[in-house]
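Asks: Starting from these lines, generate the structure:
(chains A, B and C)
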Amino acid sequence: MTRNGDVRSGIVSLITDFGLSDSYVGQIKASLLAVSRTLQVVDVTHQIPAQDVAEAAFQLATAWNAFPPGTVHLVVVDPGVGTPRRPIAFAFEGHLFVTPDNGLASFVLREQQPEQLVVLDRPAFHRPSVSKTFHGRDIFAPVAAHLASGRALAEVGTEVPPQSFVRLPLPAVERGERVVRGPVVSIDHFGNCRTLIRPEDIPWPRDQVWVRCGSAVVRRIEETYGSVPEEHTLALFGSHGGLEIAVRMGNAARAWDITPGMFVEVFPAE
Amino acid sequence: MTRNGDVRSGIVSLITDFGLSDSYVGQIKASLLAVSRTLQVVDVTHQIPAQDVAEAAFQLATAWNAFPPGTVHLVVVDPGVGTPRRPIAFAFEGHLFVTPDNGLASFVLREQQPEQLVVLDRPAFHRPSVSKTFHGRDIFAPVAAHLASGRALAEVGTEVPPQSFVRLPLPAVERGERVVRGPVVSIDHFGNCRTLIRPEDIPWPRDQVWVRCGSAVVRRIEETYGSVPEEHTLALFGSHGGLEIAVRMGNAARAWDITPGMFVEVFPAE
Amino acid sequence: MTRNGDVRSGIVSLITDFGLSDSYVGQIKASLLAVSRTLQVVDVTHQIPAQDVAEAAFQLATAWNAFPPGTVHLVVVDPGVGTPRRPIAFAFEGHLFVTPDNGLASFVLREQQPEQLVVLDRPAFHRPSVSKTFHGRDIFAPVAAHLASGRALAEVGTEVPPQSFVRLPLPAVERGERVVRGPVVSIDHFGNCRTLIRPEDIPWPRDQVWVRCGSAVVRRIEETYGSVPEEHTLALFGSHGGLEIAVRMGNAARAWDITPGMFVEVFPAE
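Replies: Alright, predicted model coming up:
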């Protein structure tokens, strides 16, 4: 239990674009553990392409609610470090998020507002000496650690209106009478091509649709990869909740030359 | 101590083919920690080539017994997710293993049987909602966490005969009168070319043999990399227990164009 | 508190050249946790190029003092494994370091001596069976775990004179009357080209200098990346404490063909 009554899991999840060949991620963890030695720090990914806020926002959206309530999600993709962009923290559905205010939480929140939003303006919760180039280590990490240790949002920052939050434009999912379409927003390690089209976006039965992306066409939405023979192309709702194009035991992006931004279209079967 | 009297280390080791650029590994850890906040989760590797069960089986065999007894080894390379392949857990030499039943433990067990084998058919130990595409997160991880927290195998699944276990064919080590040979099964990050040929497979003194792989030939088996000058090729028993071909301060696979499947042969010196 | 009165953080930081595709890092962690189940093990990086002691020494220097005092820094880049190179541990400014004695701590210590230096010659603190090829797992990791758990240096090894320590030659920073110059020692994931030139090496005001590296020339030293427009080249003191050449939202090494060893020169403005 924390001072303001909600539960914290003591877990900090971590997404950055720092890669794994430098010490930056290690320094962030050092900064977290300097505040609290008993945190569980979980790497989600550090392989976000440099400064790619949209990809980080997508990865955060796929991961955050697998964690227990009370987890603090620390996301540091921060092309604006040293500019007036605000460092923020907010609460949403029992989780806490600590990020620069540059849209990183857009896919988590979608059309909703954070329940509480603060600007991280309290040096008592930062490292004693704050650099101008590495706020991940000097501001975001110590604040995340204080929150994970039970501090209230209102302690670590000054409350501001939730609607002041910076948002990325969400890639639209268009629902027409004879077609539902949305862009591939991310391609995973297996070559699965992922969209934000959700089950509720598709008004037709799953075995009475055609799904197309580029020259890949399939004639139904499957339940799982194992529903088709090896090397076959399929469409299914992936673990991120959205429609994806995959090749069983293969790589759909390579097989069909699919790149982010290409549209996936779902039609009712003739 | 656990309910059935054996000790658990509270450690979960993790091998997957998920790579590090997506959130899949993070979601598995989220699922582990949702069951028990105090686990030690150790990444062995997530860089198994996609769906390469044999390479995962090899990596597991190199790592598992460096861990303390009572460790739970969670291995998720699962091309059959969504098919009838069984999710299993078993005990072997004081360690516990949680995997799909597709041969991942073949190199750990070799000719032996697991001491106890269960099928993971108890939803009470899975995530409340189980997807059809991500059993790593929804079944294997929570079961591993329950085992690491002290649950007995017989609690989390239904016991089945150990001999029902799926096995990969072990790459044969052939012991002839004038030659011992076995294939390179894995090439490590340093270019060391590793076989399953063990010291006891070789009846001749280590300084009275020739070792050959492709066009690489050396005239003894060394004790350690430092036994030869820099850039020289050598054969030695690697830390995985098997014979390997290496180049000191170099990369044997690149220097000699060695690829997995090529044979290493050991002859008695003339 | 530890037996000899100083505090240990219970944290072990880890730098190796083992990469992430094999089980070597997992085995080191297994060995740490076999000694103490409650350690916090923090990966700094495992992507040091194979056997590159200088790069590991640089990465260690960028990271170590972000950690709380009492942290044990375990650095295993060990081309001399199996040769008479000594395994050592030492204390410096409240931190402990465990490494092969091959210069890995050169950039941490610079001209200073360790406060206490021991040779790791006590098998009671090693793994029961020590291989000839993997001292990281069998000697360095268990000693690091014992130190992190509170053992004194003098318990785990035999004290030797601090000046016997092996050092790499530090890349010189030359301070002339009309120029300060030093080589690029490391290029990070973002393409930032990093030197060991420190603020105190430069006698001129930051807005009255020219900085050059290859064909890149800038006319001042900035405070932060955000001080220049996107895609512009700048010089600034990076989070590692030294002067670096960067491109905002870009990659300076690629843009200007900068490689390690090239000189960065600072001149007073005309």
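Asks: OK, contacts around the residue of chain A found nearest chain B?
Replies: In chain A, the residue that lies nearest chain B is A:T224 (2.8 Å; C-beta to the nearest C-beta). The C-beta positions use only the backbone N, C-alpha and C, and glycine is treated the same way. Applying C-beta atoms under 8 Å, 6 or more residues apart in numbering or on different chains to A:T224 gives the contacts A:L236, B:V81, B:G82, B:T83, B:K132, B:T133.
Asks: can you pull the contacts of the nearest residue to it once chain neighbours are set aside?
Replies: Computed as C-beta to C-beta, 6 or more residues apart in numbering or on different chains, the closest residue to A:T224 that is not its neighbour in sequence is B:G82, at 2.8 Å. Neighbour list for B:G82: A:E223, A:T224, A:Y225, A:G226, A:S227, B:K132, B:T133 [criterion: C-beta under 8 Å, 6+ apart].
Asks: Shouldn't the last one be within a strand?
Replies: If I follow you right, that is B:T133. No. Remark: B:T133 does not belong to a strand; assigned using DSSP: H, G, I helix; E, B strand; the rest coil, it is coil.
Asks: isn't it right up against A:L236?
Replies: Yes. Using C-beta atoms under 8 Å, B:T133 is in contact with A:L236, at 6.8 Å.
Asks: anything in contact with each of those two?
Replies: Common neighbours of B:T133 and A:L236 (C-beta under 8 Å, 6+ apart) are A:T224, A:Y225.
Asks: what's the pLDDT at the residue nearest to A:T224?
Replies: Looking at B:G82, its pLDDT is 81.
Asks: Just the ones of the contacts of B:G82 in strands?
Replies: Counting by DSSP state E, no part of these is found in strands.
Asks: Mind picking the two most distant members of those residues?
Replies: The span of these, defined through C-beta to C-beta, is set by A:S227 and B:T133 at 10.3 Å.
Asks: Quickly note the distance from the closest residue in space to A:W256 that isn't next to it in sequence to A:V264.
Replies: Of all residues not flanking A:W256 in the chain, A:A216 sits nearest, at 4.2 Å (C-beta to C-beta, 6+ apart). A:A216 sits 9 Å away from A:V264, taking C-beta to C-beta, to the nearest Å as the criterion.
Asks: Which residues are in contact with each of those two?
Replies: A:I245.
Asks: Who has more neighbours out of these two?
Replies: A:V264 (26 against 21; other C-beta atoms under 10 Å in any protein chain shown).
Asks: got the contact list for that one?
Replies: Counting by C-beta under 8 Å, 6+ apart, the residues that A:V264 touches are A:181-184, A:193, A:195, A:197, A:211-213, A:235, A:243, A:245.
Asks: one more time with 10 Å, if that's ok
Replies: With contacts defined as C-beta atoms under 10 Å, 6 or more residues apart in numbering or on different chains, A:V264 is in contact with A:173, A:180-184, A:193-197, A:211-214, A:216, A:235, A:242-245, A:258.
Asks: On the three-state scheme, it is what?
Replies: At A:V264, secondary structure determined by three-state DSSP is strand.
Asks: in the sheet, who's paired with it?
Replies: Taking DSSP bridges as the rule, A:V264 bridges to A:G182, A:C213.
Asks: Next one, pLDDT for it please.
Replies: Looking at A:V264, its pLDDT stands at 98.
Asks: State the distance from the closest residue to chain C within chain A to B:V264.
Replies: Chain A approaches chain C most closely through A:G82 (2.8 Å), counting by C-beta to the nearest C-beta. Going from A:G82 to B:V264 by C-beta to C-beta gives 55 Å.
Asks: what's the answer for A:G26, then?
Replies: 38 Å.
Asks: The stretch 51-200 of chain A against chain C: which residues are in contact?
Replies: By the rule C-beta under 10 Å from any C-beta of the partner chain, the part of the stretch 51-200 of chain A lying against chain C is A:51, A:78-85, A:127, A:131-138, A:141.
Asks: among those, which ones are buried?
Replies: A:51, A:78-82, A:85, A:127, A:131-138, A:141 (16 or more other C-beta atoms under 10 Å in any protein chain shown).
Asks: and the residue most central in space within chain A, helix, strand or coil?
Replies: Against the mean C-alpha coordinate of chain A, by C-alpha atoms, centre = their mean, the closest residue is A:L60 at 1.7 Å. Here A:L60 is helix, with the state taken from three-state DSSP.
Asks: didn't it look like it was pressed against B:S23?
Replies: Yes. If you go by C-beta atoms under 10 Å, A:L60 and B:S23 touch, sitting 7.9 Å apart.
Asks: residues shared between the contacts of these two?
Replies: Common contacts of A:L60 and B:S23 (C-beta under 10 Å, 6+ apart): A:S13, A:I15, A:V44, A:T45.
Asks: among the residues you listed, which are in strands?
Replies: Checked against DSSP E, the shared contacts of A:L60 and B:S23 include these in strands: A:S13, A:I15, A:V44, A:T45.
Asks: Which members of these additionally contact chain C?
Replies: Applying C-beta under 10 Å from any C-beta to these, none is adjacent to chain C.
Asks: Up against chain B, what does the stretch 151-270 of chain A have?
Replies: Residues of the stretch 151-270 of chain A lying near chain B (C-beta under 10 Å from any C-beta): A:186-192, A:194, A:222-227, A:230, A:236-241, A:244, A:246, A:248-251.
Asks: Show me these that map onto strands.
Replies: Per DSSP E, the subset of these in strands is A:S186, A:I187, A:R194, A:L236, A:F237, A:E244, A:A246.
Asks: Can you get me a residue count around the last one?
Replies: So that's A:A246. Neighbour tally, A:A246, other C-beta under 10 Å: 28.
Asks: So it versus B:T133, what's the distance?
Replies: 9 Å.
Asks: go on, the third one?
Replies: Taking C-beta to C-beta as the criterion, A:R194 is separated from B:T133 by 12 Å.
Asks: shared neighbours, those two?
Replies: Listed as contacting both A:R194 and B:T133 by C-beta under 10 Å, 6+ apart are A:G238, A:S239, A:H240, A:E244, A:A246.
Asks: Taking the residues you listed together, which two end up most distant?
Replies: A:H240 and A:A246 (12.3 Å).
Asks: Please enumerate the shared neighbours of those two.
Replies: By C-beta under 10 Å, 6+ apart, the residues touching both A:H240 and A:A246 are A:D188, A:N192, A:R194, B:T133.
Asks: Let me know whether A:V53 touches A:G80 as I believe.
Replies: Yes. The pair A:V53 and A:G80 passes the contact test of C-beta under 10 Å, sitting 9.5 Å apart.
Asks: shared neighbours of the two, anything?
Replies: A:P100, A:N102.
Asks: Show me the domain layout of chain A.
Replies: A:11-164, A:174-268 (automatic domain parsing).
Asks: and these, which is most packed in?
Replies: Of all these, domain A:11-164 has the most neighbours on average by mean count of other C-beta atoms under 10 Å in any protein chain shown, namely a mean of 21.
Asks: Need the distance between the two termini of it.
Replies: Domain A:11-164 has its terminal residues 27 Å apart, counting by C-alpha to C-alpha, to the nearest Å.
Asks: before we move on, back to that, now, the residues of the stretch 51-200 of chain A next to chain C that are in helices?
Replies: A:H135, A:A141 (DSSP state H).
Asks: List the residues that contact A:A246.
Replies: A:188, A:190-194, A:216, A:218, A:222, A:225, A:228, A:232-236, A:238, A:252-253, A:255, B:133.
Asks: and what of A:G261?
Replies: So A:G261 contacts A:P171, A:P183, A:V184, A:V185 (C-beta under 10 Å, 6+ apart).
Asks: For chain A, give me the ranges with low pLDDT.
Replies: Across chain A, the ranges flagged by pLDDT under 70 are A:1-6.
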